[in-house]
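Novice: coords please:
(2 chains)
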Amino acid sequence: MNAMFDKTIRDKIISHEAEVPTQIWENVEKAIQPDHARPALFWIWLSLGVAVVASTIFMLLPSADTVQVYTHQRETEHLDPKDPQIKQEESNTRQTLDLDNPPQKSVVEISTPPTTHVSSSEASASTADSRGHQPASTSAVVPNSKFSSPLFEEHSSIELPPKTSVGSHLHRPKLVPTLEFDLLTYKLDPQIEVCPTFGPKQSLRPFVEFGALAGYPIKQLRTNQDGSNDYVDLRRSTEYVRFSASANILAGLDLSEKIEVKSGVGYTRLLEVFDFVDESASRTITNIVTDTIIINGQPTIRTDTSIITEYGQRIKLSQNRYSLIEIPMLMGYSFRHKKHSMIVQGGAFLNLAFRQKGDILDTSSQILNLKARGHEYFLNRAGLDIAAALGYQYRLGPQDQLRLLFQYRHPLESVALPQIPISQKYYQMHVGLALKHNF
Amino acid sequence: MSVCLRYARNRADAEDILQDGFIRLFQNIRQYSGKGSFEGWMRRIFVNASLKKYQAKKWELELPVLENHDESIDATAISMLTEKEILDLIASLPKGYRLVFNMYVIEGYAHKEIADLLGISEATSRTQLLKARKQLQFKINQLSPVQR
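Specialist: Numbers count the residues shown, from 1 in each chain, chains lettered A, B, ... in the order given. Down below sits the predicted model:
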């Protein structure tokens, strides 16, 4: 009953024809135009160009790496011979100097005119402070220091007007003498103590970094042997790269404020779609009919077997997954600007394991299930990738930094076995975030 | 187009499927080596395009229509209907019924293949087909001039 109903319906509608709007043909024509995708090399050169330009701009930016300088003067005056009381006056002048981009002439303003000449030792003390970036103590007058700057020597002796007295109060005319010296040419007195944080030795700071990146891998299938072009074309038309994601945990050392080295463990997954229409698929239907026939009053069992083989197409659609476990070995350099930094990184990813799941076409155009053990198509280890990254870093706190990274990985070896007639590589371009924590 | 119309709920959907199908066909034309029937190969592509469109969404809520009615139908009732009327009736079936009915009855897939392609169990495929048949028979009986 059902079979008859099915056949009637099928016969009725199988010959039906419908009109197709012309708009569809126009849309199809537009969609199948050859894709003018830019080659991978274009993106690589573009990335490198952006990296170079951005680094140059960043280096040219005026640095605001500031230190606070306290110039301190301590004076002793005998105001009146009858009054042996010594009056001390102190004044502090706070000045901000830009060390990375120092001005040619530094101006120190002294608001209190001393009764004697301004000594060169006081000026040199202020200069020492400007190197040491920490406020000097109130008694930080350094005796016997010598200043060799000719500019400074020219102005190191300043004649000040005599003090006057009005009534019982001391009245002192306001005077702001200006001392000019060249910060770039002075010589520091070796006796002046330099702040230890600016010393040549700096401790190594360990850190950990957690990163997560995602992006689009560019797949390269290239023939190794003559006559395998068709196979390459077939593979290209049946496999579509979709997405890749990577995560890593790194530990490292800050060798200085700008240079870091790090290594750890990383995991990368590449996702692809395998879409294949198998036009030579076949299926076999076996029908066994058993009848009981009564012959001469005796029931006899008869069995008829018919085998029907049908040929047709089969559409196979599966998600392929390639997993890589690797050891990143990276070195980074940063250009700092306040809380913001630009990072350039380089290094290598050493692959420890390469696993595959899904389907591909083998060299005889048959579907090869990659999950099945024992297939001989891919390497167990994917070799070495060279990596370069450009990034932006924001200092969240004294120990934590958030990084935005653009990473490119260039594989040196094919992931396919040598006996496979094609080379298969994945050029990965990733963007992601990383959190760095210093100890 | 008629293949697409059978799988689609309406003409607009059928046109979308047709367009996607042709794009897939031209993109995969290299896979056809000329051995089998080109029409059959094309038909599979359009069936796949239809499945792709409807598999992206979840199965619609299956309406429990006439579960307990044993519909019998006369072949003449079907023959009196036009092609378009039958296509409209198929299109009016719930999505799950429609896909399984088309794949089994018209394309000739086995339940196992349908189950694989739709991501359902074989039992579900059989059930959907049974329900589709019953619902279609009921609708044909309603439309049939004998019943009218």
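
Novice: Select the longest helix from chain A.
Specialist: helix A:40-60 (DSSP state H).

Novice: what mean pLDDT does that helix have?
Specialist: Helix A:40-60 shows a mean pLDDT of 73.

Novice: Also stretch A:282-299?
Specialist: On average, stretch A:282-299 scores 84.

Novice: That one and chain B in contact?
Specialist: Yes: residues of stretch A:282-299 contacting chain B under C-beta under 8 Å from any C-beta of the partner chain: residue A:283. Using the backbone N, CA and C atoms, a C-beta is placed for each residue, glycine as well.

Novice: Also stretch A:354-369?
Specialist: No: counting by C-beta under 8 Å from any C-beta, chain B is not contacted by stretch A:354-369; separation bottoms out at 9.2 Å.

Novice: ok, which residues in the stretch 301-439 of chain A are in contact with chain B?
Specialist: Checking the stretch 301-439 of chain A against chain B by C-beta under 8 Å from any C-beta, the hits are A:310-315, A:317.

Novice: Let me have those residues in JSON lines, adding neighbour count and pLDDT as columns.
Specialist: Below are those laid out as JSON lines (neighbours: other C-beta atoms under 10 Å in any protein chain shown; pLDDT from 0 to 100):
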{"residue": "A:310", "neighbour count": "11", "pLDDT": "79"}
{"residue": "A:311", "neighbour count": "13", "pLDDT": "75"}
{"residue": "A:312", "neighbour count": "19", "pLDDT": "72"}
{"residue": "A:313", "neighbour count": "21", "pLDDT": "68"}
{"residue": "A:314", "neighbour count": "19", "pLDDT": "75"}
{"residue": "A:315", "neighbour count": "21", "pLDDT": "79"}
{"residue": "A:317", "neighbour count": "15", "pLDDT": "84"}
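
Novice: Could you tell me which of the residues you listed belong to strands?
Specialist: Counted as lying in strands by DSSP state E, out of those, are A:310-315, A:317.

Novice: Quick check: next helix or strand after the lowest-mean-pLDDT helix or strand in chain B?
Specialist: None of the helices or strands of chain B scores lower by mean pLDDT, DSSP states H and E than helix B:75-79, at a mean of 72. Moving toward the C-terminus from helix B:75-79, the next helix or strand (DSSP states H and E) is helix B:83-91.

Novice: Just the C-alpha atoms of that following helix, please, in PDB.
Specialist: C-alpha atoms of helix B:83-91 as PDB (Å, rounded to 0.1, in the frame of the first residue of the first chain):
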ATOM      1  CA  GLU B  83       1.600  18.500 -10.000                       C
ATOM      2  CA  LYS B  84       1.500  21.900  -8.400                       C
ATOM      3  CA  GLU B  85      -1.200  20.800  -5.900                       C
ATOM      4  CA  ILE B  86       0.900  17.800  -4.900                       C
ATOM      5  CA  LEU B  87       4.000  19.900  -4.500                       C
ATOM      6  CA  ASP B  88       2.100  22.400  -2.400                       C
ATOM      7  CA  LEU B  89       0.900  19.600  -0.200                       C
ATOM      8  CA  ILE B  90       4.400  18.300   0.200                       C
ATOM      9  CA  ALA B  91       5.600  21.800   1.000                       C
END
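
Novice: Could you tell me how far it lies from the centre of the chain?
Specialist: Relative to its chain's centre, helix B:83-91 lies at 11 Å (C-alpha atoms, centre = their mean, to the nearest Å).

Novice: isn't residue A:352 right up against residue A:326?
Specialist: Yes: at 6.0 Å, residue A:352 and residue A:326 qualify as touching, with contact defined as C-beta atoms under 8 Å.

Novice: Between these two, which has more neighbouring residues?
Specialist: More crowded of residue A:352 and residue A:326, by other C-beta atoms under 10 Å in any protein chain shown: residue A:326, with 25 against 14.

Novice: so that one, which of the three states?
Specialist: For residue A:326, the secondary structure call by DSSP: H, G, I helix; E, B strand; the rest coil comes out as strand.

Novice: Quick check: it touching residue A:263?
Specialist: No: in this structure, residue A:326 is not within contact of residue A:263 by C-beta under 8 Å, at 10.7 Å.

Novice: which parts of the host helix or strand of residue A:281 are buried?
Specialist: Per DSSP H and E: residue A:281 is located in strand A:259-295. Within strand A:259-295, the residues scored as buried using 16 or more other C-beta atoms under 10 Å in any protein chain shown are A:260, A:262-264, A:266, A:268, A:270-272, A:274-279, A:281.

Novice: and of these, the nearest to residue B:44?
Specialist: Set against residue B:44, the nearest of those by C-beta to C-beta is residue A:277 (6.2 Å).

Novice: Give me the distance between the residue most central in space within chain B and chain A.
Specialist: In chain B, the centroid-proximal residue (C-alpha atoms, centre = their mean) is residue B:102; its distance is 2.7 Å. From residue B:102 across to chain A, the span is 10 Å (C-beta to the nearest C-beta, to the nearest Å).

Novice: Then that residue would be within a helix, right?
Specialist: Yes: per three-state DSSP, residue B:102 lies within a helix segment.

Novice: Mind naming the longest helix for chain B?
Specialist: Ranking each helix of chain B by length (DSSP H) puts helix B:122-143 first.

Novice: ok so, going back, can you list the buried residues in the least confident helix or strand of chain B?
Specialist: For helix B:75-79, burial by neighbour count (16+ other C-beta under 10 Å) applies to B:77-78.

Novice: Would you mind extracting the C-alpha trace of that helix into CSV?
Specialist: Extracted C-alpha coordinates of helix B:75-79, given in CSV (Å, rounded to 0.1, in the frame of the first residue of the first chain):
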residue,chain,number,x,y,z
ALA,B,75,-4.7,6.1,-6.6
THR,B,76,-7.3,8.0,-8.6
ALA,B,77,-7.5,10.6,-5.9
ILE,B,78,-3.8,11.4,-6.5
SER,B,79,-4.1,11.3,-10.3
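
Novice: Give me the sheet partners of the strand holding residue A:281 and which way each runs.
Specialist: strand A:239-254 (antiparallel), strand A:298-337 (antiparallel) (DSSP bridges).

Novice: Helix or strand next in line after the last one, which one?
Specialist: With elements assigned by DSSP H and E, the helix or strand that comes after strand A:298-337 is strand A:340-357.

Novice: Which element is encountered next along the chain beyond that following strand?
Specialist: Next element after strand A:340-357 (DSSP H and E): strand A:359-361.

Novice: Quick check: which helices or strands does that next one pack against?
Specialist: helix A:229-238, strand A:259-295, strand A:298-337, strand A:367-369 (3 or more C-beta pairs under 8 Å, 6 or more residues apart in numbering or on different chains; DSSP states H and E).

Novice: I'd like those laid out as JSON lines, including distance to residue A:434.
Specialist: JSON lines is the format used below for the helices and strands packed on strand A:359-361 (distance: least, C-beta to C-beta, whole Å):
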{"stretch": "helix A:229-238", "distance to residue A:434": "34"}
{"stretch": "strand A:259-295", "distance to residue A:434": "10"}
{"stretch": "strand A:298-337", "distance to residue A:434": "11"}
{"stretch": "strand A:367-369", "distance to residue A:434": "36"}
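
Novice: Residue A:394 is nearest to which of the ones you listed?
Specialist: strand A:298-337 (11.0 Å).

Novice: Residue ranges in chain B under the pLDDT threshold?
Specialist: Scanning chain B for pLDDT under 70 picks out the ranges B:54-75, B:144-148.

Novice: if we go to 50?
Specialist: B:57-69, B:147-148 (pLDDT under 50).

Novice: circling back: now the longest helix of chain B: buried residues?
Specialist: Using 16+ other C-beta under 10 Å as the test for burial, helix B:122-143 gives B:124-125, B:127-129, B:131-141, B:143.

Novice: just checking, residue B:18 is part of a strand?
Specialist: No: per three-state DSSP, residue B:18 lies outside any strand segment and is helix.

Novice: I'd guessed it sits against residue B:6; true?
Specialist: No: at 11.8 Å, residue B:18 does not count as touching residue B:6 under the criterion of C-beta under 8 Å.

Novice: Overlap in contacts, those two.
Specialist: Common neighbours of residue B:18 and residue B:6, using C-beta atoms under 8 Å, 6 or more residues apart in numbering or on different chains, do not exist here.
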